[in-house]
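Visitor: Got a sequence here, can you build the structure:
(one chain, ligands or ions: 3)
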Amino acid sequence: MDIIIGSHVGYKQDDQLLGSVKEALKYGCNTFMFYTGAPQNTNRKEIDPGLTKKAHELMRQNNIDSNNVVVHAPYIINLANPKNTDFGIRFLKEEIKRVETLGFNKIVLHPGSHVGIGIEEGLKNIIFCLNQIITKDTKVEILLETMAGKGTELGINFNELKTIIDNINYQDKIKVCLDTCHLNDAGYNLENFDNILKEFDQTIGIEKISCIHINDSKNVMGSHKDRHENIGLGKIGFENLINVIYHDKLKGIPKILETPYIPLEDNDKVKIYPPYKQEIEMIRSKKMNENLICDIRNYYK
Ligand code: FE
Ligand code: FE
Ligand code: ZN
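Guide: Numbering: from 1, shown residues only. Ligands and ions are numbered 1, 2, ... in the order given. Predicted structure coming up:
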């Protein structure tokens, strides 16, 4: 079976999901992830059914399985902060409806930041909110992302995620999204990914892994920084990331790149360009491209 690999793509007002699919195909993706609007605000336009239908046709023609497509919840939602509860619940509910309308069934969520009220209280708020959001009729699964531990982030180790999951009423709707950069920055050693998986399996259960964000990290293990790096150019390294992507126990799981865009000077202006086409080629060949950044620049020149 082919690996299921994609990247973060845009979602724009004019062509909506159809534009996202076209972008994913340009990079050679067989899945993708997107925000249904700007991640830092709540302006959401109505979904055009015609564009959604065309997008799904294009996906079918190109063997993109809608079960592997992932939506990312906006990061302004913070379910750990009691001042944010009502807004967070309402907006995440609406967002889940949009995911359904667009024909998908996975939404990735940052668990939240406790902003000073403490880990235990923060986790309690997250659990309270998720139990308001997830009902027996919920069709979309919510994937809690493992976080780097920047500021007061929660979900920075498997025990915190387990605490949340254990207290959710409808547990089949709650899953996990691993992020390799976040794992590294939180202090997990990607050189021994088998150990990480073993710990995950013993704490939460490997069947809960529903998506993996594949990113290298600009910083060393345990730095709690959360700055993504291009594949093979950071502190995790190419071999360790390939080991995650091709891991036997994670075969059917979608892998999504969220690596940084590359700056390129164009008539005195600096523009940034997506690295995903070249990174995916490198991943498929399982061979580090030492000229990755040059190749990306030449491609867009
Ligand atoms: Fe994320
Ligand atoms: Fe991520
Ligand atoms: Zn990140």
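
Visitor: Near Cys181, how many residues? Count them for me, please.
Guide: Cys181 has 28 neighbours, counted by other C-beta atoms under 10 Å. Quick note: C-beta positions are derived from backbone N, CA and C, even for glycine.

Visitor: Which residue, other than its chain neighbours, is closest to it?
Guide: Asn215 (3.8 Å; C-beta to C-beta, 6 or more residues apart in numbering).

Visitor: pretty sure that neighbour contacts Arg227?
Guide: No - using C-beta atoms under 8 Å, Asn215 makes no contact with Arg227, being 9.4 Å away.

Visitor: anything in contact with each of the two?
Guide: Cys181 (C-beta atoms under 8 Å, 6 or more residues apart in numbering).

Visitor: one step back: what sits against the residue nearest to Cys181?
Guide: Going by C-beta under 8 Å, 6+ apart, Asn215 touches 179-181, 228-229, 231, 234, 257-259.

Visitor: at 7 Å instead, please
Guide: Neighbouring residues of Asn215 by C-beta atoms under 7 Å, 6 or more residues apart in numbering: 179-181, 228-229, 257-259.

Visitor: just checking: which of the residues you listed also lie near ligand 2?
Guide: Restricting the contacts of Asn215 to those near ligand 2 by C-beta under 5 Å from the ion leaves Asp179.

Visitor: Which two among the contacts of Asn215 are spaced furthest apart?
Guide: The span of those, defined through C-beta to C-beta, is set by Asp179 and Glu229 at 12.8 Å.

Visitor: which residues touch Leu197?
Guide: Shown in contact with Leu197 (C-beta under 7 Å, 6+ apart): 206, 249.

Visitor: Does it fall in a helix, a strand, or a coil region?
Guide: helix (DSSP: H, G, I helix; E, B strand; the rest coil).

Visitor: same thing with Lys235?
Guide: Classified using three-state DSSP, Lys235 is coil.

Visitor: Tell me how many other residues surround it.
Guide: Lys235: 17 neighbours (other C-beta under 10 Å).

Visitor: close enough to count as contact, it and Lys225?
Guide: No - taking contacts as C-beta atoms under 7 Å, Lys235 lies outside contact range of Lys225: 10.3 Å.

Visitor: shared neighbours of those two, anything?
Guide: Common contacts of Lys235 and Lys225 (C-beta under 7 Å, 6+ apart): Asn219.
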